[in-house]
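Q: fold the following, please.
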Amino acid sequence: MIGQDRIGSFTPEKGLKEMIRFPKSPTNSDPVSMMPNAVFNDGDSVLWIGTKYDGILHYSIAGNKLQQLRHHPKKPDAGPRHNAWFFSFVKDGHHLYYGYEEGIGAIDLKTKRFFTPAFDRLLPRDVIRCMALDNKGLLWVGTMASGIWVIDIRKNVLVKRINALVGLKSMRIDKLLFDDHNCVWALTPQSVAVIDRSAYQTLTLENQHGMAGIYDIVLDKGNLYFLQKNGFVTSASGSSLPQKNDPIPYIQGLRELNLGSGAYIEQRHRFDYDENNIAFEFGVLDYSNTASNFVSYRLKGLEDNWRSGNSTDEATYYNLPGGSYVFQVRSNENGHERIVEYPLEIIPPFWLQWWFIVLSFVVLTVSSIWFMRSRIRRVQSAERMRAEFSRQINEMESKALRAQMNPHFLFNSLNSIRLFILKNEVESASDYIAKFSKLLRMILNHSRQDSITVYDEIQTLKLYLEFERLRFDHGFEFDIQIDGQEVLACYLPPMIIQPFVENAIWHGLMPRKDDKGYIRISFEMLPGLLYVTVHDNGIGREKARINNRKASLKEGSVGLKITKDRLRTLTRRTKRLNDYVIEDLTDEQGRATGTLIKLYFETEEKQ
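A: Numbering: from 1, shown residues only. Modelled structure (predicted):
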């Protein structure tokens, strides 16, 4: 099984006994351009060497004779199809196949003729990095960017493509090797892939399996050697595949920061109260990709939640209170969790000891008694003033409600019901009574509240307007507008709009000689302000005074005076603006066209 304990010290240089020195080629090429990329031993005394820029070299070891084979446009059968970057060779009978930058070429070893095999058309136009041929005539081809292609060279058929869809992590294949147990080992820049030749199932071995920095794979006497820069990893061919090494967290040490030295402290777990600034250094022994490894830490006794430790290797805590703690580091990869711990204790100062706390409590209690007695007298005095102020507010609001529901209003309502009954308009009378009772119930419910939402105020106003419209035989129309749904959640005093609406109906709309009167009520949110308008197209305040109507829209009317007192009291109590302004509307000739009331309420979540 592969493991770090099997790492050897073999290096390719130790096995190199002598360097073969080639004679100069016929073209006197620069030796650098003849750099070998691939070497194939055709028998005991013949080497085929693929170079980087100078074609293919045929070298006879027995005769120490070198022949250079290059591409010649006028003699295409006498040389390879390409002169640069030959990567691999494989032999099948008397045919020698070579992989190069643009595909696969072939040499007939009997006739020394170069040709392009028929199955080359089945391959992608990609660099052929490596090849391996099994005894069934299946040629495994590793490419630069297209994965692995399996070709039946005797039937000229594409058998299989192995790429990312079947588990291949990298599409560049640097080497292919058959083992003795029906597996293909594929070397990629980042990993080693193991492919079952029967089912084409792929398993990838990476850093966490000890496969780091592998640049070649060698099979020798049933053992696989994975060559690294400074050694190798080995495994018996076909044995159980290596197990993944789970990351192991560790705590390197801790430093006490109060003294400023920051030196590591070993095997110390108790600290005085003035040694309560501590830094822990930690890490994780991990051979895997850190992107899939989640590291976290916490100081148990101070915090319950884990903090991410992927981007740091130190945890610092300042001014730790006295008590017992356990510093924990946790690694979690694919559900496998490991935790390491470091316990410690901070000894609290004497003023936090139980006896000092009890003594301080007794002294504080005794010294507070005389202060509380004088304080109680001041509080009682303030409470009496507050109670008197609240009584005045409640009395003012009660007056306002009583003014709104005056005997004149009740008398007119009951008289209207009587007229409906005398006219035998039973349905109208029933509808009127239902609306009248519902309105009374709303007013009584709201009278117990300091403020209500705009939504509740609109419901009361709608019922009141329908009630009055039914009383006056639909002699006017009304419209209530809001600027967005959020305005419905604002608060304002209950029944604060109704007196203005009542004055608009009785003293503005009813004296009109037609039934085209209307009232428009709008609610709008401005920055820090709830803005309400009541607009009617009545006869105007001046004409109403001439007609000797009571409760006209003027400062001296009883209903508006009580409303103004309510707003003034509310402003004094809440320290926020609550006021109204009345405007007379006229046309271009100066004739009255109605009245506009503007009300302002500074907003808060609730008044």
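Q: so for this protein, the centremost residue is which one?
A: For the chain, the residue nearest the mean C-alpha position is S308 (15.4 Å; C-alpha atoms, centre = their mean).
Q: for that residue, give me the pLDDT.
A: Note on S308: pLDDT of 89.
Q: now V233: phi and psi?
A: Backbone geometry at V233, expressed as degrees, to the nearest 10, gives phi -110, psi 140.
Q: secondary structure element holding L463?
A: If you go by DSSP states H and E, L463 is part of helix 454-471.
Q: cool, and W149?
A: strand 148-152.
Q: please report the distance of I539 from R512.
A: 6 Å (C-beta to C-beta, to the nearest Å). All C-beta spots, glycine's among them, are computed from the backbone N, C-alpha and C.
Q: neighbour count: the two, which is higher?
A: I539 (23 against 15; other C-beta atoms under 10 Å).
Q: quick revisit: now the helix holding L463: buried residues?
A: For helix 454-471, a neighbour-count test (16 or more other C-beta atoms under 10 Å) marks 454, 456-458, 460-461, 463-465, 467-471 as buried.
Q: same thing with stretch 470-484?
A: In stretch 470-484, counting by 16+ other C-beta under 10 Å, buried: L470, R471, G475, F476, F478, I482.
Q: ok, these vs L96, which is closest?
A: Taking C-beta to C-beta as the measure, I482 is the one of the buried residues of stretch 470-484 closest to L96, at 88.6 Å.
Q: helix or strand for the closest residue in space to that closest one that isn't next to it in sequence, just tell me which one.
A: Counting by C-beta to C-beta, 6 or more residues apart in numbering, I482 lies nearest to F523, which is 4.9 Å off, once chain neighbours are set aside. Per DSSP H and E: F523 is located in strand 517-526.
Q: contacts for the strand holding W149?
A: If you take C-beta atoms under 8 Å, 6 or more residues apart in numbering as the criterion, strand 148-152 is touched by 119, 122-124, 137-143, 157-163, 168, 173, 176, 186, 195.
Q: make a ChimeraX selection of the buried ones in these.
A: In ChimeraX, this line selects whichever of these come out buried by 16+ other C-beta under 10 Å:
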select :119,122,123,138,139,140,141,142,143,162,168,173,176,186,195
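Q: out of the contacts of strand 148-152, which sit inside strands?
A: Using DSSP state E, the members of these that fall within strands are 138-143, 157-162, 176, 186, 195.
Q: need the max-distance pair from those residues.
A: V157 and A186 (21.3 Å).
Q: neighbours around S428, how many?
A: 17.
Q: what segments of the stretch 201-350 of the chain are strands?
A: 202-205, 216-220, 223-228, 231-236, 248-256, 264-265, 270-271, 278-285, 294-300, 307-308, 314-317, 323-333, 336-346 (DSSP state E, counting those that start in this stretch).
Q: kindly reformat those strands as JSON lines containing distance to I128.
A: Below are those laid out as JSON lines (distance: least, C-beta to C-beta, whole Å):
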{"stretch": "strand 202-205", "distance to I128": "20"}
{"stretch": "strand 216-220", "distance to I128": "18"}
{"stretch": "strand 223-228", "distance to I128": "22"}
{"stretch": "strand 231-236", "distance to I128": "27"}
{"stretch": "strand 248-256", "distance to I128": "42"}
{"stretch": "strand 264-265", "distance to I128": "56"}
{"stretch": "strand 270-271", "distance to I128": "66"}
{"stretch": "strand 278-285", "distance to I128": "40"}
{"stretch": "strand 294-300", "distance to I128": "41"}
{"stretch": "strand 307-308", "distance to I128": "45"}
{"stretch": "strand 314-317", "distance to I128": "50"}
{"stretch": "strand 323-333", "distance to I128": "37"}
{"stretch": "strand 336-346", "distance to I128": "40"}
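Q: just for the stretch 101-250 of the chain, where's the confidence low?
A: 208, 231, 235-246 (pLDDT under 70).
Q: which parts of stretch 56-64 are buried?
A: I56, L57, H58, Y59.
Q: let's see which of those residues end up in strands.
A: Within the buried residues of stretch 56-64, residues falling in strands by DSSP E are I56, L57, H58, Y59.
Q: on that earlier part again, which one of the buried residues of stretch 56-64 is nearest I443?
A: For those, the nearest to I443 is I56 (106.4 Å; C-beta to C-beta).
Q: can you pull the pLDDT of the spatially closest residue to the closest one that is not a sequence neighbour?
A: Spatial nearest neighbour of I56, chain neighbours left out: L69 (4.6 Å); criterion: C-beta to C-beta, 6+ apart. Note on L69: pLDDT of 87.
Q: quick one: contacts for L69?
A: So L69 contacts G55, I56, L57, H58, A78, G79, P80, F114 (C-beta under 8 Å, 6+ apart).
Q: repeat that with 7 Å
A: G55, I56, H58, G79, P80 (C-beta atoms under 7 Å, 6 or more residues apart in numbering).
Q: then D42?
A: W48, K91, L96.
Q: on that earlier part again, relative orientation of the strand holding F523 and helix 454-471 in degrees?
A: Inter-element angle recorded for strand 517-526 and helix 454-471: 180 degrees (by axes from the mean of the first three to the mean of the last three C-alpha atoms, to 10 degrees).
Q: and Y273, how far from S360?
A: Y273 is 17 Å from S360, by C-beta to C-beta.
Q: buried residues in stretch 589-603?
A: In stretch 589-603, counting by 16+ other C-beta under 10 Å, buried: A592, G594, T595, L596, I597, L599, Y600, F601, T603.
Q: the helix or strand hosting V362: how far from the chain's middle?
A: Taking DSSP H and E as the definition, V362 sits inside helix 354-404. Taking C-alpha atoms, centre = their mean, to the nearest Å, one finds the center of helix 354-404 at 49 Å from the center of the full chain.
Q: tell me the pLDDT at the nearest residue in space to H269 that is not next to it in sequence?
A: Spatial nearest neighbour of H269, chain neighbours left out: L344 (4.9 Å); criterion: C-beta to C-beta, 6+ apart. L344 carries a pLDDT value of 92.
Q: check K598 too.
A: Value for K598, per-residue pLDDT: 95.
Q: how about it, what does it touch?
A: T533, Y580, V581.
Q: swap in 10 Å and give it another go.
A: When contacts are counted by C-beta atoms under 10 Å, 6 or more residues apart in numbering, K598 touches Y531, V532, T533, V534, H535, D579, Y580, V581, I582, E583.
Q: in which helix or strand does the fourth one reside?
A: This means V534. Secondary structure (DSSP H and E) places V534 in strand 529-536.
Q: distance from the helix or strand following that strand to the middle of the chain?
A: Per DSSP H and E, the first helix or strand lying C-terminal to strand 529-536 is helix 541-546. A distance of 66 Å separates the centroid of the chain from that of helix 541-546, by C-alpha atoms, centre = their mean.
Q: go through helix 541-546 and flag the buried ones.
A: Applying 16+ other C-beta under 10 Å to helix 541-546 flags R541, K543, A544 as buried.
Q: chain center to stretch 117-124: distance?
A: 48 Å.
Q: kindly report the same for stretch 416-427.
A: 67 Å.
Q: circling back: just the buried residues of stretch 470-484: which has the poorest pLDDT?
A: For these, the pLDDT minimum is R471, 77.
Q: wait, doesn't that one sit right on I433?
A: No - with contact defined as C-beta atoms under 10 Å, R471 does not count as touching I433 (12.0 Å).
Q: list residues touching both of these two?
A: S413, S416, I417, F420.
Q: state the distance from the first one to L470.
A: Pointing back at S413 there. 11 Å.
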